[in-house]
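# Predicted model follows, preceded by the sequence.
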Amino acid sequence: MKLIELAAALDCRVVGDGSINITGVVGMEKAGEGHLTFLANPKYAPKLKDTQASAVLATQAVPDIATLISPNPYLDFARALELFYKPPKPKVGIHPTAAIAATALIGDGASIGAFVAIGENVVIGKNAVIHPHVVVYDGVVIGNNVLLHSHSVVREFCRLGDNVVLQNGVVIGGDGFGFAKRRDGTHYKIVQSGIAVVEDDVEIQTLTSVDRASVGETRVQRGAKIDSLVQIGHGCVVGEDNIICAQTGLAGSSILERNVLLAGQVGVSGHLTIHEGAIVYAQSGIGGDVDANSRVSGSPAFDASIWLRSVTAFQKLPEMVKSIRELKKKVL
């Protein structure tokens with residue numbers, strides 16, 4: 001594809017030779033002749049002098065290399081990737097080894113792979129792609145254009161909206177972790193009678209669990225993106241357009257409002273609210289409500305700017321203690 005053609009597809013402007021032939025999209029360190037790369041963060045600009053790429057996506061012209069001018073290079077990098085990489089698309093139809101209950105309703109255009117199991121009274125919308133070894137329990141309702149990768153599981157009576165993507169090993173609606181202690185110290189399992197609901201345009205990465213509620217529902221709202229190895233406890237609400245990064249855990253009844261970002265390995269203690277637009281940095285421990293549009297860090301988490309100063313001071317504590325002891329000796 002000529003650079004000028006790529007510019008038209010991305011609605012970008014070319015500065016430099018638009019006749020360059022682009023064969024792929026690659027990060028600047030590994031890019032070679034014929035590749036398009038991108039510069040989303042100005043601090044990485046010095047690396048461009050060593051790149052072998054033929055062109056770059058950037059917010060302004062870059063010397064000595066053809067440039068696609070974009071207001072959002074990272075977004076257009078993602079869009080450009082789609083033009084060059086086409087994942088395999090399974091053929092429409094149902095594999096003969098799939099076990100589908102007679103009462104299940106499968107929409108037009110579905111592709112259902114080998115050894116898929118679909119239970120009684122399941123409803124699946126149009127153009128579903130269900131890869132081998134997926135299991136859908138009884139009473140599940142699934143929307144249009146879903147993509148369920150191998151070994152994902154949707155448990156009984158749960159709901160998936162349109163355009164939902166479940167990566168490999170995701171479990172929607174596994175039992176919430178609920179037990180009542182008997183007088184003798186043993187544990188009595190609390191029936192998890194609620195469901196899990198995943199709304200439209202949600203993507204959930206590999207080996208993540210969204211537990212069903214003990215009563216009511218657990219809900220992942222429209223547009224949320226959840227990384228691998230995340231635990232969403234029973235009765236939680238994950239708000240619209242949330243980003244939840246890997247190895248994060250939400251205890252039961254946590255509420256995340258719209259546009260919350262949880263970085264990796266965040267722990268949320270449950271029965272609290274993280275309000276709209278909040279950012280929680282990696283390895284933070286959340287034990288109480290978090291204000292809207294705030295940035296918090298640490299365990300227990302507090303204002304990130306204060307946390308940074310505190311961490312800097314913490315490293316100097318041994319020296320400070322030594323100085324205090326010496327001052328005490330002089331005073332006494």
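Done, it's in.
# Next up, identify which helix or strand Q283 is on.
Q283 is part of no helix or strand when elements are defined by DSSP states H and E.
# for the residue lying closest to it once chain neighbours are set aside, what are its contacts?
Among residues not flanking Q283 along the chain, Q265 sits closest, at 4.7 Å (Cβ to Cβ, 6 or more residues apart in numbering). Every residue, glycine included, has its C-beta placed from N, CA and C. Shown in contact with Q265 (Cβ atoms under 8 Å, 6 or more residues apart in numbering): A246, Q247, T248, A282, Q283.
# Could I have the buried ones of these as ChimeraX selection syntax?
Remark: buried members of the contacts of Q265, expressed as a ChimeraX selection using 16 or more other Cβ atoms under 10 Å:
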select :246,247,248,283
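# Next up, the contacts around the residue most central in space within the chain.
The centroid of the chain falls nearest to I226 when counting by Cα atoms, centre = their mean (2.9 Å). I226 makes contact with V202, E203, I204, Q205, T208, V210, V220, I232, V238, N242, I244 under the criterion Cβ under 8 Å, 6+ apart.
# export those to CSV and tack on pLDDT, secondary structure and neighbour count?
What follows is the contacts of I226, written out as CSV (pLDDT from 0 to 100; DSSP: H, G, I helix; E, B strand; the rest coil; neighbours: other Cβ atoms under 10 Å):
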residue, pLDDT, secondary structure, neighbour count
V202, 98, coil, 25
E203, 98, strand, 17
I204, 98, strand, 27
Q205, 98, coil, 21
T208, 98, coil, 23
V210, 98, strand, 30
V220, 98, strand, 28
I232, 98, strand, 30
V238, 98, strand, 28
N242, 98, coil, 22
I244, 98, strand, 27
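# and those as TSV, adding distance to I274?
Shown next, in TSV, are those (distance: Cβ to Cβ, whole Å):
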residue	distance to I274
V202	18
E203	20
I204	19
Q205	20
T208	18
V210	17
V220	15
I232	13
V238	10
N242	9
I244	11
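# related to what we said a few turns ago, in terms of pLDDT, where does the residue nearest to the centre of the chain sit?
pLDDT for I226: 98.
# follow-up on the earlier one: and which of the contacts of I226 is nearest to L36?
For these, the minimum distance to L36 (Cβ to Cβ) is 24.8 Å, reached by E203.
# Relative to L3, how far out is that closest one?
Taking Cβ to Cβ, to the nearest Å as the measure, E203 falls 31 Å from L3.
# Residues touching the helix ranked longest in the chain, excluding its own?
In the chain, assigned by DSSP state H, the helix with the most residues is helix 317-331. Residues outside helix 317-331 that contact it (Cβ under 8 Å, 6+ apart) are A313.
# now do the same end-to-end measure for stretch 140-156.
6 Å (Cα to Cα, to the nearest Å).
# And the average pLDDT for that stretch is what?
98.
# And it, what's buried?
Those would be 140-156, for stretch 140-156 by 16+ other Cβ under 10 Å.
# The chain - how does it break down into domains?
Per the record, the chain has its domains at 3-84, 92-222, by automatic domain parsing.
# Please report how far K47 lies from L272.
42 Å.
# and the two? which has more neighbours close in?
Comparing K47 with L272 by other Cβ atoms under 10 Å, the one with more neighbours is L272, at 17 against 13.
# contacting residues for the more buried one?
Contacts for L272 were tallied using Cβ under 8 Å, 6+ apart; they are S254, I255, I286, G287, G288, D289, V290.
# Just the ones in strands from those residues, please.
For the contacts of L272, the ones inside strands are I255, I286, with DSSP state E as the criterion.
# Write a ChimeraX command that selects only the buried members of the contacts of L272.
The following ChimeraX line selects those of the contacts of L272 that are buried, judged by 16+ other Cβ under 10 Å:
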select :254,255,286,290
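# re earlier: least reliable of the domains of the chain going by mean pLDDT?
domain 3-84 (a mean of 94).
# end-to-end on that one?
First-to-last residue span, domain 3-84, Cα to Cα: 13 Å.
# and what of stretch 81-101?
End-to-end for stretch 81-101, by Cα to Cα: 39 Å.
# Please list the residues outside that stretch that contact it.
1, 6, 9, 23-25, 106, 109-122, 129, 131-132, 138.
# Just the ones of those residues in strands?
G24, V25, I106, S111, I112, A117, I118, V129.
# Just the buried ones from these?
By the neighbour-count criterion of 16+ other Cβ under 10 Å, those include these buried positions: G24, V25, I106, S111, I112, I118, V129.
# which of these lies closest to G298?
V25 (37.9 Å).
# was I right about the closest one contacting A53?
No: checked against Cβ atoms under 8 Å, the pair V25 and A53 is beyond contact range at 9.4 Å.
# okay, and the common contacts of the two?
H35, L36, T37.
# Who wins on neighbours among those residues?
Neighbour max across those (other Cβ under 10 Å) = L36, 28 neighbours.
# Am I right that that residue is in a strand?
Yes: under DSSP: H, G, I helix; E, B strand; the rest coil, L36 falls within a strand.
# Beta-bridge partners for it, please?
V25, A55 (DSSP bridges).
# Please identify the nearest residue in space to L68, excluding sequence neighbours.
C12 (4.2 Å).
# pretty sure that neighbour contacts A55?
No: counting by Cβ under 8 Å, C12 stays clear of A55, with 10.4 Å between them.
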